[in-house]
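Asks: Mind looking at a prediction? Sequence and model below.
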Amino acid sequence: MENKQILITGGAGFIGSHLTDHLLEANNDVTIVDNCSNGRTEWVPDGATFVEQDLTAPDALEGVLTSDIDQVFHLAASKAVNTDSPRDQFEANTQMTYNVLETMTDVGVSNLAYTSTSTVYGEAPRPTPEDYAPLEPISVYGASKLADEGLCSTYAHSHDLTVRTFRFANIVGSRLRGAVIPDFIEKLQENPETLTILGNGRQEKSYMHIDDCIDAMLTVIERADGPLATYNLGTRTTTSVTRIADIVSDEMELQPDYEYTGGDRGWTGDVPKMRLSIEKLDALGWGPTHESDVAVREATRELLTTV
């Protein structure tokens, strides 16, 4: 993707800012819309146009999402899986997505990349393919993302949009916040002797490095067919929470004692075991360069230079 006019919602966040970096390097003109509830203004790359705006407002994209935009990346969302305000989260996420879709239709922009999540599957057999059913999320976050996917499908089939939906595994790398790796780093910086681990530590999920994530997204946009295409983005391997603690401790040159809070999940709505099938992605000729353990270690090293 080169020399395009691109709009990214949530572009001041972890994934959005990395995506912006990549797109600017390819000589694209990038506009970011973000209220910085998850992102940070200092993460907005030089060269991008930044608009601070709450996307739940119906007119939030007026004058920003215009007919000269070639591609919209919709990353903005309330992301907490175990939120104290589930109704607010569900309403915010669906309002933002509806407003993006409506504005695109109104101004005649047709290309959308929507970032969803593996949590739409709920506790599904592994590896989980994109056509697995029924989709039974166990968190409001997952439910809101599934509702958003339904909206995207409607606009793809009834309003002539071309939509690429990405169901992410756990994406890791520099600027990551509110996740297990930065949580362990912060805990060990505060107390190098003991590390508290939520659950029993045997939760196992796929971890994908941010560089692979961005490359996979752009590959799908370039090569996928049809008005609506949904792709899992992840790795073929998983890493346990205890293994992540080992990697983080090793990179920090520490040997803490582990204390577990107990139970098979870390919090309400946590899916303890997750591995996505990436055979559909593989059929496009793309595969990850970092498997889960390597992605976790690389992300830990990157975060230790900034945390």
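Replies: Yep, it's here. It should be emphasised that the depicted structure is a prediction, and the values quoted were computed from it without experimental measurement.
Asks: got the contact list for stretch 208-218?
Replies: 1, 14-15, 18-19, 22, 113, 164, 166, 168-174, 176, 231, 233-235, 281, 286, 288-290, 292, 294-295, 298-299 (CB atoms under 8 Å, 6 or more residues apart in numbering). The way it works is simple: take the backbone N, C-alpha and C, and place the C-beta from them, glycine included.
Asks: and what of stretch 177-185?
Replies: With CB under 8 Å, 6+ apart as the test, stretch 177-185 has contacts from 14, 38, 79-80, 170, 172, 176, 195, 241, 244-245, 248-249, 252, 296, 299-300, 303-304, 307.
Asks: same thing with stretch 27-36?
Replies: For stretch 27-36, using CB under 8 Å, 6+ apart, the contacting residues are 1-13, 16, 20, 23-24, 44, 47-55, 60-61, 64-65, 69, 76.
Asks: So which of these sit within helices?
Replies: Counting by DSSP state H, the contacts of stretch 27-36 place 16, 20, 23-24 in helices.
Asks: Nearest to residue 84 among those residues?
Replies: Nearest to residue 84 among these, counting by CB to CB, is residue 16 at 24.2 Å.
Asks: give the contact list for the closest one.
Replies: Contacts for residue 16 were tallied using CB under 8 Å, 6+ apart; they are 8-10, 32, 34, 39, 73, 75-76.
Asks: pLDDT-wise, what's the bottom of those?
Replies: When these are compared on pLDDT, residue 39 comes out lowest, with 89.
Asks: Kindly export the strand or helix carrying residue 157 (C-alpha atoms) in PDB.
Replies: Per DSSP states H and E, residue 157 falls inside helix 140-158. The C-alpha trace of helix 140-158 is given here as PDB (Å, rounded to 0.1, in the frame of the first residue of the first chain):
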ATOM      1  CA  VAL A 140     -18.900  -8.100  26.800                       C
ATOM      2  CA  TYR A 141     -15.800  -7.000  24.800                       C
ATOM      3  CA  GLY A 142     -16.000 -10.200  22.700                       C
ATOM      4  CA  ALA A 143     -19.800  -9.700  22.300                       C
ATOM      5  CA  SER A 144     -19.300  -6.100  21.200                       C
ATOM      6  CA  LYS A 145     -16.700  -7.100  18.600                       C
ATOM      7  CA  LEU A 146     -19.000  -9.800  17.300                       C
ATOM      8  CA  ALA A 147     -21.800  -7.200  17.000                       C
ATOM      9  CA  ASP A 148     -19.400  -5.000  15.100                       C
ATOM     10  CA  GLU A 149     -18.600  -7.800  12.700                       C
ATOM     11  CA  GLY A 150     -22.300  -8.100  12.000                       C
ATOM     12  CA  LEU A 151     -22.500  -4.400  11.200                       C
ATOM     13  CA  CYS A 152     -19.500  -4.700   8.900                       C
ATOM     14  CA  SER A 153     -21.000  -7.700   7.100                       C
ATOM     15  CA  THR A 154     -24.200  -5.800   6.600                       C
ATOM     16  CA  TYR A 155     -22.500  -2.800   5.000                       C
ATOM     17  CA  ALA A 156     -20.300  -5.000   2.900                       C
ATOM     18  CA  HIS A 157     -23.200  -6.900   1.400                       C
ATOM     19  CA  SER A 158     -25.800  -4.100   1.300                       C
END
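Asks: which other helices and strands contact it?
Replies: Of the remaining helices and strands, those touching helix 140-158 by 3 or more CB pairs under 8 Å, 6 or more residues apart in numbering; DSSP states H and E are helix 86-107, strand 111-117, strand 162-168, strand 228-233.
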